[in-house]
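**Q** Show me how the following folds:
(2 chains)
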Amino acid sequence: MKIFDTMAKKKRVFIPKEKGKVKLYVCGPTVYNYFHIGNARPFVFFDVVRRFFLYRDYEVTFVQNLTDIDDKIIAQAQKEGVDISQINQKYIQAFFDDTKALNIMPADENPKATEYISQMIKFLQELQEKGYAYESGGDLYFEVSKVADYGKLSGKKLEDLRAGARVEVNSAKKHPADFTLWKASKPGEPSWQSPWGAGRPGWHSECVVMSRDLLGESFDIHGGGIDLIFPHHENEIAQAEALSGERFVNFWMHNGFLNIQGQKMSKSLNNFFTARDILKKYDADVIRLFFLSKHYRTTIDFNEKIMHETKVAYENFLSALRSVDYSAKRQEIDSCGLLEEDVATFVIAMEDDFNTAKALAVLFGLAKLAKKQSASREIRYQAAATLVELGKVLGFFADLENQLKSVASESKMDGMEQKLLQLLLDYRNFAKSEKNWALADKIRDDLQNLGLRVVDTKDGSKIES
RNA sequence: GGCGACAUCGCCAAGUGGUAAGGCAAGGGUCUGCAAAAUCCUCAUCCCCAGUUCGAAUCUGGGUGUCGCCUCCA
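**A** Reported below is the predicted structural model:
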């Protein structure tokens, strides 16, 4: 198993600190809004990471925090004219609902920042006692120059940061790169009492304290978006290692960004799509396939065309399973064994830094084989069984039973509508038997105009959505 | 200004020294009253230049282009 480690800037062989166990921490959302399709990428990807480890019989502890105290939350509360706790409640629930809809396994722990205030204060006190923190203007700052190897994750040097035109000069700080550990609160803002006065903790301390508590001072994998490398993760390292003197995290994993039609997502461009909106249009598995068809570290572009293509591509899986009548013969198929060679190819791809794109090629190959009329029934069944098995490792097919039911539109009709539709189809079949092609085609065209596509199969006429 | 990433068929995308996976689209065949669906088949020498090597999409140098971070944005 090889994983690309941002710190080493290369793939390294993954060896868990404790044999057979993986401790994984992924930065979670700040709960001030519905999360968008870009946020969904790390959620889905690290879900796959976790599922793969589980598949390989590791015992996985997966922690994802919820940032429930932050400037953005305060701003959102003012905007919606409600209390901060209501904002938190609303969007935490939305987070759980949306991740569930995306078939993302619930984390083992979802610690909230506000539940860790006292531990954070204790942690910051320790930093201050050891000389890594200083007070200035009511705030507490971390002094980056006290850490010899500050910048080792992002590859930045302190001198460069000082020279950087974009680092704002803040006279309260000793060095422009020093970051806030404790922020004094303004009147009306939520605050907690601390040795430095009433205020709230800085974001960078949150993940450190929670991961130390739940996973220990040093753990296997810490993940998040590529934008978190600096300053967030850099600052986590500085704090954690200042106290423990131990390597904080063994592997740093960062997923690439998602653009919308070639442009960065931004509120000013109004190209924000929430995950829940996308889910109205595309099946969770299609969204998942979209993410996994490209390597996780690259930038990915989201647009209608690619989503449509992905949807069509996904149909390959379903049509393959329909072709062996998977819903009806599930037991028989599942018990006929797997194509071990394909399983091995899949595992090799996944063990190479989670090469999901390559792993997917195995699934498409299996789909093709399951459909292949000229192959033996046994081979086709095995291909189907393997497809389902491996697809589930990637988090697909949670709702397979329903997906395999075709004729989606019929379910939306009430009894009378269905009867009338059947009547029309009967008339059309009558016209066909009379070789009245003009009438038959007119009925088909008219139904098409109503959004009902008539398809003639050897078992009779059917409606497809 | 500092640091870094990427450039593979019309589109998406694997491939890190041994002769280009996969998906979409497209073209052709079968099937069909027609259409759709289904099914079978076909479809690239890897941004440019120079070099290393028996051999490079894969390594080195240069060029061009696109993008990211340096702002508590995944």
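
**Q** And the residue of the stretch 151-300 of chain A that's closest to RNA strand B?
**A** Of all residues in the stretch 151-300 of chain A, residue A:225 sits closest to RNA strand B, with a separation of 1.6 Å (C-beta to the nearest atom of the strand). Just so you know, the C-beta spots here come from the backbone N, C-alpha and C atoms, and that holds for glycine as well.

**Q** my guess is residue A:134 is in a strand, correct?
**A** Yes: residue state for residue A:134 (DSSP: H, G, I helix; E, B strand; the rest coil) corresponds to a strand.

**Q** How about the contacts made by it?
**A** For residue A:134, the residues meeting the contact criterion (C-beta atoms under 8 Å, 6 or more residues apart in numbering) are A:128, A:140-141, A:143, A:174.

**Q** Residue A:251 too?
**A** Applying C-beta under 8 Å, 6+ apart to residue A:251 gives the contacts A:3, A:5, A:7, A:12, A:14, A:220-222.

**Q** And for residue A:105?
**A** If you count contacts by C-beta under 8 Å, 6+ apart, residue A:105 has them with A:47, A:50-51, A:62, A:395.

**Q** Take the contacts of residue A:251 and keep only those in strands.
**A** Secondary structure assignment (DSSP state E) places A:3, A:5, A:12, A:220-222 from these within strands.

**Q** circling back to that earlier point, out of the contacts of residue A:105, which is nearest to RNA strand B?
**A** Distances from these to RNA strand B were compared by C-beta to the nearest atom of the strand; the smallest belongs to residue A:47, at 13.7 Å.

**Q** From what I see, that closest one and residue A:104 are in contact.
**A** Yes: with contact defined as C-beta atoms under 8 Å, residue A:47 counts as touching residue A:104 (4.4 Å).

**Q** any residues in contact with both of the two?
**A** When C-beta under 8 Å, 6+ apart defines a contact, the residues bordering residue A:47 and residue A:104 alike are residue A:395.

**Q** returning to what we had before: from the contacts of residue A:105, list the buried ones, please.
**A** Among the contacts of residue A:105, those that count as buried by neighbour count (16 or more other C-beta atoms under 10 Å) are A:47, A:50-51, A:62, A:395.

**Q** what's the spacing between the nearest residue to residue A:243 once chain neighbours are set aside and residue A:205?
**A** Closest residue in space to residue A:243, ignoring its immediate chain neighbours: residue A:126 at 5.9 Å, by C-beta to C-beta, 6 or more residues apart in numbering. With the distance defined as C-beta to C-beta, to the nearest Å, residue A:126 ends up 11 Å from residue A:205.

**Q** Same question for residue A:32.
**A** 19 Å.

**Q** what do you get for residue A:255?
**A** Distance from residue A:255 to residue A:205, counting by C-beta to C-beta: 23 Å.

**Q** now do residue A:92
**A** Between residue A:92 and residue A:205 the distance is 20 Å, computed by C-beta to C-beta.

**Q** Between these two, point out the one with more neighbours.
**A** Neighbours were tallied for residue A:92 and for residue A:205 using other C-beta atoms under 10 Å; the higher tally belongs to residue A:205 (27 against 17).

**Q** elements contacting the helix or strand that contains the more buried one?
**A** Secondary-structure assignment from DSSP states H and E places residue A:205 in helix A:203-215. If contacts are counted by 3 or more C-beta pairs under 8 Å, 6 or more residues apart in numbering; DSSP states H and E, helix A:203-215 sits against strand A:21-26, strand A:59-64, helix A:117-129, strand A:179-184, helix A:234-244.

**Q** Give me the residues contacting it.
**A** If you take C-beta under 8 Å, 6+ apart as the criterion, helix A:203-215 is touched by A:23, A:25, A:27, A:61, A:63, A:65, A:67, A:70, A:109, A:111, A:113, A:116, A:119-120, A:123-124, A:142, A:179-181, A:219, A:222, A:231-232, A:235-236, A:239-240, A:244, A:248.

**Q** Now narrow the residues you listed to whatever sits close to RNA strand B.
**A** The subset of the contacts of helix A:203-215 within reach of RNA strand B, counting by C-beta under 7 Å from any atom of the strand, consists of A:27, A:70, A:179-180, A:231-232.

**Q** Thank you kindly, that will do.
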